[in-house]
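S.K.: The following block contains a protein sequence and its predicted model.
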Amino acid sequence: MRVEESDVAVTLNGPWARGDARWGWSGGSAVQTATAGATASITFTGTSIRWIGSRGRTMGLATVSVDGGPATEVNTFGRPTDEVHTVIYDINDLSDGRHTLTIKVTGTKDSQADDGSLIVLDAFDIQPGATVSHWQETDANVIFTPGWTKSNINLPWSGTGASNPPELPVSAQESQDPGPKMTLPFRGTAIGWTGYRGPDAGIALVQVDGGAAREVDLYAPNATYQAVVFSATGLSDANHTLTIESTGRRNAASVGARVVVDAFDVTTPGRRYEEHDPAIRYAGMWTPDKRSRVWTEGVAATSNVPGSTATFSFTGTSVSWIGCSKGSAGGTAKVYLDDVFVKEVRLNQNYPVEGYQITAFRVDGLTNGAHQLKLEVVNTNGSYIVVDAFDVHP
């Protein structure tokens with residue numbers, strides 16, 4: 001259940017203002033403030049809740065607490081351009097009953113930030129029961145036919161603003177021609193296409209699993225970036241394929257036929273354990289608190305030192321390692337399950353392929369009990385292994 005920031009269940013105290021209208025907020029709007037002491041709270045019934053907000057270079061620090069308990073600091077600073085309608089913080093394992101979550105703005109910023117201590121509230125998800133992975137259009141599984149071009153890197157696309165020169169930053173792909181297609185295979189129960197709406201936007205055709213094509217009119221009188229322009233929900237937890245086709249057609253009010261593919265949100269049943277969770281034990285040389293890319297909840301841990309390990313202890317029948325696949329994060333790792341070697345995973349990809357929040361490894365069909373998944377860094381070329389998170393599936 002998603003509760004927007006404008007819902008009567010949400011109480012705002014302090015000088016909160018409307019978020020920038022150029023962003024594709026959940027529900028069409030968000031609120032923001034940098035004033036120390038401002039709060040936002042919601043009373044809900046359940047065992048888990050997720051804060052949806054924004055992360056970026058001008059974002060600051062806040063605390064979250066439940067039922068007046070101990071406050072946990074949450075850092076929304078991130079290196080790339082602002083990410084909107086993104087998962088900021090998950091709270092799980094509450095008692096099954098009524099609770100109140102409170103977000104308090106500190107008015108302070110990350111030590112790496114040049115400026116800005118803004119906090120954004122976009123929505124809350126109550127009892128989400130699923131994980132969300134945000135994939136860029138540069139993911140290795142995304143296939144574009146001829147006719148697409150790289151979008152302007154100076155526009156606020158998802159994931160842009162950070163790169164390893166001479167490589168260009170992640171941006172988006174776009175087309176105004178009839179016929180170019182994009183296909184993306186994915187496993188999950190829902191998918192959202194993040195794109196662009198504006199006065200020069202056109203009409204796209206979208207299909208899931210080769211079904212009936214749905215026409216999506218992307219025209220809007222004002223430009224909106226990182227907007228979720230299409231979503232498919234209620235899918236079976238299985239393999240699916242999303243297809244987007246540029247038609248070259250446009251709304252009569254539009255001055256162009258532009259179709260932009262920026263990113264995707266893939267929803268999978270289960271629970272996510274972030275890289276800092278106490279269920280993960282690190283040995284060897286790891287660098288924590290990496291904020292250089294669009295990691296899940298903004299942070300990842302990395303290592304390029306052979307022999308370093310990350311061991312995740314969990315209870316369940318299925319587990320996934322959420323990582324990264326690109327040139328500088330293209331190391332090799334050995335994967336062990338319950339101390340038994342399973343396989344070696346090599347993650348190298350050449351530019352322009354950059355896969356973030358990807359499923360680097362998944363195993364199903366385990367006995368329903370306690371298990372350990374261990375990753376061992378074995379690369380010898382200096383490339384990194386990224387531990388972004390682990391997912392446990394039902």
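M.R.: Now that the structure is in, tell me what you want to look at.

S.K.: Straight-line length of stretch 287-306, end to end?
M.R.: Start-to-end span of stretch 287-306 (CA to CA, to the nearest Å) is 14 Å.

S.K.: quick check: mean pLDDT across it?
M.R.: Stretch 287-306 carries an average pLDDT of 94.

S.K.: mind listing what's buried in it?
M.R.: Neighbour counts over stretch 287-306 (16 or more other CB atoms under 10 Å) mark 290-305 as buried. For the C-beta atoms, the positions are set from N, CA and C on the backbone; glycine is no exception.

S.K.: Also stretch 255-275?
M.R.: Quick answer for stretch 255-275 (16+ other CB under 10 Å): 257-275.

S.K.: What's the separation between the closest residue in space to residue 337 that isn't next to it in sequence and residue 257?
M.R.: Using CB to CB, 6 or more residues apart in numbering and skipping residues adjacent in sequence, the residue nearest residue 337 is residue 373, 5.8 Å away. To residue 257, residue 373 is 47 Å away according to CB to CB, to the nearest Å.

S.K.: hmm, back to that, from the buried residues of stretch 287-306, which land in strands?
M.R.: Using DSSP state E, 290, 300, 301, 302, 303 are the members of those that sit in strands.

S.K.: Buried residues, stretch 349-365. List them.
M.R.: 349, 353, 354, 355, 356, 357, 358, 359, 360, 361, 363.

S.K.: and if you look at stretch 239-256?
M.R.: Neighbour count says stretch 239-256 has 240, 242, 243, 244, 245, 246, 247, 248, 249, 250, 251, 254 buried, by 16+ other CB under 10 Å.

S.K.: Check which helix or strand residue 310 maps to.
M.R.: Using DSSP states H and E, residue 310 sits within strand 309-316.

S.K.: Next SSE downstream of that strand?
M.R.: Next helix or strand after strand 309-316 toward the C-terminus (DSSP H and E): strand 318-325.

S.K.: so what strands line up beside that following strand?
M.R.: strand 355-363 (antiparallel), strand 389-393 (antiparallel) (DSSP bridges).

S.K.: Doesn't residue 206 lie inside a helix?
M.R.: No: assessed with DSSP: H, G, I helix; E, B strand; the rest coil, residue 206 is strand; it does not lie in a helix.

S.K.: Help me confirm that it comes into contact with residue 218.
M.R.: No: the criterion here is CB atoms under 8 Å, and residue 206 misses it with residue 218 at 10.9 Å.

S.K.: quick one: which of those two has more around it?
M.R.: residue 218 (25 against 19; other CB atoms under 10 Å).

S.K.: If residue 346 is in a bridge, with which residues?
M.R.: Note on residue 346: beta-bridge partners by DSSP bridges are residue 332.

S.K.: ok, it - contacts?
M.R.: Each residue near residue 346 by CB atoms under 8 Å, 6 or more residues apart in numbering is listed here: 330, 331, 332.

S.K.: any chance you could map the helices in this protein?
M.R.: With helices called from DSSP state H, the chain shows none.

S.K.: Confidence-wise, which helix or strand of it is lowest on average?
M.R.: Lowest by mean pLDDT, DSSP states H and E among the helices and strands of the chain is strand 287-290, with a mean of 92.

S.K.: Name every strand pairing with that one and say which way it goes.
M.R.: Going by DSSP bridges, the partners of strand 287-290 are strand 300-303 (antiparallel).

S.K.: which residues touch residue 122?
M.R.: 4, 5, 19, 25, 26, 27, 30, 52, 53, 54, 84, 85.

S.K.: tally of neighbours for the residue lying closest to it once chain neighbours are set aside?
M.R.: Take residue 122 and drop its neighbours on the chain: the residue closest to it by CB to CB, 6+ apart is residue 30, 4.1 Å away. By other CB under 10 Å, 26 other residues sit near residue 30.

S.K.: and the gap between residue 30 and residue 21?
M.R.: Applying CB to CB, the value for residue 30 to residue 21 is 10 Å.

S.K.: Tally up the residues packed near residue 22, please.
M.R.: If we define neighbours as other CB under 10 Å, then residue 22 has 15 of them.

S.K.: so it sits right up against residue 222, yeah?
M.R.: Yes: if you go by CB under 8 Å, residue 22 and residue 222 touch, sitting 7.5 Å apart.

S.K.: Next, the nearest residue in space to residue 56 that is not next to it in sequence: phi, psi?
M.R.: With sequence-adjacent residues excluded and distances taken as CB to CB, 6+ apart, residue 56 is closest to residue 82, at 3.3 Å. Dihedral pair for residue 82: phi -50, psi 130, per degrees, to the nearest 10.
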